[in-house]
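In: Pasting a predicted model and its sequence here:
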Amino acid sequence: MEGGHEKGAKVIPLIDKATNSTAPEVDPRLLMAIKTVVRYSDSELRIATQTLMDLMKRDHSQVRYLSLLIIDEIFMRSKLFRTLVVENLDQLLSLSVGFRRNLPLPAPPAVASVLRSKAIEFLEKWNLSFGVHYRQLRLGYDYLKNTLRLQFPNIQANVERIQQERRERERRSKEILLSKYESLKENFSSIKGGILSTMDEIDECLDILHSQQESVSDDILDNEELPEFRSLELQQIRLAALQEVEKVYESSDNKVVFDTLRELYKLLVTKHLVSIQVWISVLVRVEVADNRFRDSTLKEFIDIRNRLKSVKNKCEEAGCSLLNKSKLEEEEDFWEDGNVVSMETPSSAPNNENKHLNVASTSHKRNNDDLGSYNKESNHFDTDSLLCRGKEVESNSPRSKLIAEAPVVRWGHHLDYWDSDRVFMANQRGLDLESHWGRVDDDAVIPSDKMYELSLPAMPYEEEQVEIQPCMAPLRKGGFCQRRDRKVCPFHGTIIPRDDKGRPLNQSSAGDMNIDLRTDLVEQLAKKAVKNIRERDQEVAKKREIDKQSLKRAKLAKIREHNEAVLRDAAMASTSRSAVLGEVGEVTDEDRLSATDKKQSLASMLRKKVTSKDRISQKLLSSRARVTMARHNMS
Amino acid sequence: MMLKKKLIEPNKNGSEKVHWANTGVQFSLLHTFRSRKDNENGQKVESVVLEVRTEQREREREREKEVQIEDARNMWKQIRDREAGKLRANSFANRVKSNRVFQLHLSNHKDIISPHKGAINSLQIDSTEGRYLLSASSDASVAVYDVQRPTAYESSTSLSKHTSLFVIDKQQHQQAHKYAVSSAIWYPVDTGLFITGSYDHRINVWDTNTTQVVVNFKMPGKVYRTAMSTLSTSHMLVAAGTEDVQVRLCDIASGAFAHTLSGHRDGVMTVEWSTSSEWVLVTGGSDGAIRFWDIRRAGCFLVLNQSQTQLGRRPPILKRSMITKDSSTKLRAAQKKHANGSGSRQLQVGRAPSKGPIKQRLHPGLLSTQDRATAHYGAVTGLKATEDGMYLLSAGSDSRLRLWDVESGCDTLVNFETVRLQINKPIQLATTQDSAHVFVPCMRTVKAFDMWSGNTYTVLRGHYECVNSCWFNQQDQELYTGGNDRQILVWSPVRSIVDEMDEGPAEDQDNWSI
């Protein structure tokens, strides 16, 4: 044991060094060293425990805090340390948590509060991981929690609560899935029937269309026989058109069929396909004891989905244009007719001839609209082409000039109400409204100007893009300043045009710059002066402080000297040996001084900072005292 | 493992004939060799250093294990002696028991979950079965626990929990006490009755099975302590120490006060029946006096005086004569008289000559009331008689423990190293079976003293506030303590190895990551 004690000297200086710091953490290297030392020797561990417990009794929260950190590190690792610490747990807790009224935590208060919260946190952690093995831990935790009602961070409970919530959520979603599954079980046939009937209808519609198309395509083939000798370009366009002709287009005779097809398709895409997806996902996720029904249903659903997809493709192939339309621009039927026409005009497909003619009468104004509607950035090619076309048709008309000049307006909803004087029936939207609150005025009207006002476009302000010239002032290490500032470069002053060597071009501006430079110089000088003065002030203050300290020290030394002299005198009076004692005392004093120097950091934490408030109050108090003194003297 | 092997088959060949103390040398030799080799390789020197350190640690561990094995060997030797008849059954049992007492520590496998919301004032195990623990609390409740059979057992932590079999508190029982219950004791003959005394001036006698009050005594003041004689065959008296100066004996059989013992000048904090005579009662008052009463006679026959001392357990004959020489012969005569339990104490009372006429009128048996000798400065807070009834241990609010020789009435001057004792509440002391050790609540700790030398041999730390009571279970060698922190803690000897074999929870182990 004695041998162990001698060796134990190793850990004590390490711990002392580690705890003698003002840092909020233990130096990791020292900590590592302590851990290694303690790990390989039980006797060292015992000594470390004792040292740490002694340090916990130190009257300084910082020391206690660092010791507590070390204790936690070793506590989480060594069993022997745990058994040793747990023996004195109430002491450790009272020193770290400070729950005893007669043993409050020492200064500094900021560190003390950190120490306290950390101790509570550690206790909870220890209790969580080792409470099973140590009744003392459980007792301490229980006492602090249930008797003193301290607030614990409650790590475990939080985690548990979160898990509980998650479990609850999962359970609920499972229940929902199950109920969905049950409903599916009941309604399976009807769902399937609905989908199949829709698909059948679509098939029928397509059949009808195809039968119609065949007759038409014959015509096309006939037309093919009449080749025109035109440019290659036109030939290509024609080919593309022919391909398009392969598709069935809506016409007055098959309009009904198309309408139904469109509706059915819509139903298919928006309802059936989505619902099938949902059901499949339900089936995949649900957990039931009996898998047979689930598997068979899943299989069937997947089959149906594949069929649906194929039907959808068929639809798209057959009636691509109209279906796309119906898909993209369902709401804007009114406008899109014109669009379609204008798009198709250049193609000049023969079978669309009559249609084109139909619309041609109205298309002038539309063209206008179109022009307006195209964005200048994205579609300017189109507009160009259109413009070209316009030039071709009506070359020198004033209108074209005007068009060339006219500002371009962004396309938007408001264009619908451009220049129109239609009024809008407010309550006629294809719905018969039976208002609960009173009679509905069917003839309510919104005037056109109101409508325009309502749909007034918002125009975000777009800044003009101006290229900012680089400063281009020559740099000391070669090259030119590449900063782009609007007016003044922070390094080189006002930006002026320069030649390729960086010299200013304009003489007058050079003069300006000189002035600038001068003002800059003045400013700089002023700044420097202010700075110098401040520095001097600071130095003076520092010196004064140092002086004060040295004065104080000198005073203290004087007092001490005096005391010692008195003591020595007294001692001399009693014995002759005491002179030596006085010297010894001096030595110890010096020692103490050096010790305080060494512990300056820790001690400085304890010293109360003298705030300006304190100083003022002191001054006030002293002046008051002087006044009262004076009064006394007067009286 | 290695060690066991060595023990089983020692000295098979020459190389293993090394004594364990020398093994360290062997290791170090090995390492010098190894490290030289590594140096040659120019690698792994550090890892070897680590190894050396781990082995140093291992050696320490092994030494510890060796000590343990030595203990086990000792034990086996004793068992063999017992088998051979060299050792008496009784002494063997006593040795095992005292061994276990030395190992007392906070039990990790037995929790008594107290339902009390206030300080635990009194604890007692019934003397018939040694199984039922009665606890009294400041929240006016009384509870009974079964300490043998747990109410719940957690196999994962091998923790047995003992919740109360029943609780009597004021919420559920109309007859329950209104204020703090200061003491609860079992009827010494069986567990069918128990007696509680409370600050609401009442002493209730309860039927355990129906939890109803059978007999009820109204006292003149707060009841501090109640006691029943474990020896008595001829009376059923409950001695009650109260705020009042008089000690009353309540007869359960008749439901009335049988005696009123007056002599104390202040409230009586503790009462204790003698363990050698069923007629002798000892009371300790807040006035610092400890009085011995023979309930068959009037007045007390002995007042302990802290100034009368003797060195050693028996008053040595020579010393005694010296004492008598020193003190007056009158005192000696008086002592002799009051030791007999009779005779007048006029000579001692001579301090107050002005009271002459009053003392003339007193009954000769009551003259001892005039004796103002004190056993402690301040109040006497705890009393405990040894098993043979020859000694009495007293605790006072002067933070002193005194061991008195009952026969001579002298303090034996055993120095108990107490630090501080609780002063405002009566404390309950406990002794081990042969009164070799005594457990004393010292503020937040319980200290175990050797009765005759006064040395502390363990300090039991676990409570977070003052401990009020402790009780030693003679059968299991377990100690139960109750304190102001509302906990009842169980202190038990180390479990045997067999128990640990089937222990549930994951072993608590080192966890070094560096």
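Out: It's in.
In: can you tell me which helix in chain A is longest?
Out: As assigned by DSSP state H, the longest helix anywhere in chain A is helix A:155-224.
In: Any idea which residue is closest to the centre of the chain?
Out: All of this refers to chain A. Nearest to the geometric centre of chain A sits A:I162, at 23.2 Å (Cα atoms, centre = their mean).
In: My question was about chain B, not that one.
Out: So for chain B, Cα atoms, centre = their mean, it's B:A430, sitting 1.9 Å from the centre.
In: what does the stretch 101-250 of chain A put close to chain B?
Out: Taking Cβ under 8 Å from any Cβ of the partner chain as the criterion, the neighbours of chain B within the stretch 101-250 of chain A are A:F130, A:V132, A:H133, A:Y134, A:R135, A:Q136, A:L139, A:G140, A:D142, A:Y143, A:T147. Placement of C-beta: from N, CA and C, glycine included.
In: Cross-reference the residues you listed with the helices and report the matches.
Out: Using DSSP H, these in helices are A:F130, A:R135, A:Q136, A:L139, A:G140, A:D142.
In: need the residues of the stretch 151-300 of chain B near chain A, please.
Out: B:T157, B:L159.
In: So which residues of the stretch 151-300 of chain B form strands?
Out: B:152-154, B:159-168, B:181-186, B:193-198, B:202-207, B:212-218, B:223-228, B:237-242, B:247-251, B:256-261, B:268-273, B:280-285, B:290-294, B:300-303 (DSSP state E, counting those that start in this stretch).
In: Tell me which of the ones you listed sits nearest to A:M199.
Out: Closest to A:M199 of those, according to Cβ to Cβ: strand B:152-154, at 63.5 Å.
In: name the helices or strands packed onto that closest one?
Out: The helices and strands touching strand B:152-154, judged by 3 or more Cβ pairs under 8 Å, 6 or more residues apart in numbering or on different chains; DSSP states H and E, are strand B:159-168.
In: So which bits of the strand it packs on are buried?
Out: Neighbour-count burial for strand B:159-168 flags B:L159, B:S160, B:H162, B:T163, B:S164, B:V167, B:I168 (criterion: 16 or more other Cβ atoms under 10 Å in any protein chain shown).
In: name the helices or strands packed onto it?
Out: By 3+ Cβ pairs under 8 Å, 6+ apart, strand B:159-168 packs against strand B:110-113, strand B:142-146, strand B:152-154.
In: Pull up the pairing partners for that strand, direction included.
Out: strand B:110-113 (parallel), strand B:142-146 (antiparallel), strand B:152-154 (antiparallel) (DSSP bridges).
In: okay, those in CSV with mean pLDDT and mean neighbour count next?
Out: Output for the strands paired with strand B:159-168, formatted as CSV (pLDDT from 0 to 100; neighbours: other Cβ atoms under 10 Å in any protein chain shown):
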stretch, mean pLDDT, mean neighbour count
strand B:110-113, 87, 20
strand B:142-146, 92, 23
strand B:152-154, 81, 13
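In: As CSV, these with distance to B:G197 would be great.
Out: Formatted as CSV, the strands paired with strand B:159-168 follow (distance: least, Cβ to Cβ, whole Å):
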stretch, distance to B:G197
strand B:110-113, 22
strand B:142-146, 11
strand B:152-154, 32
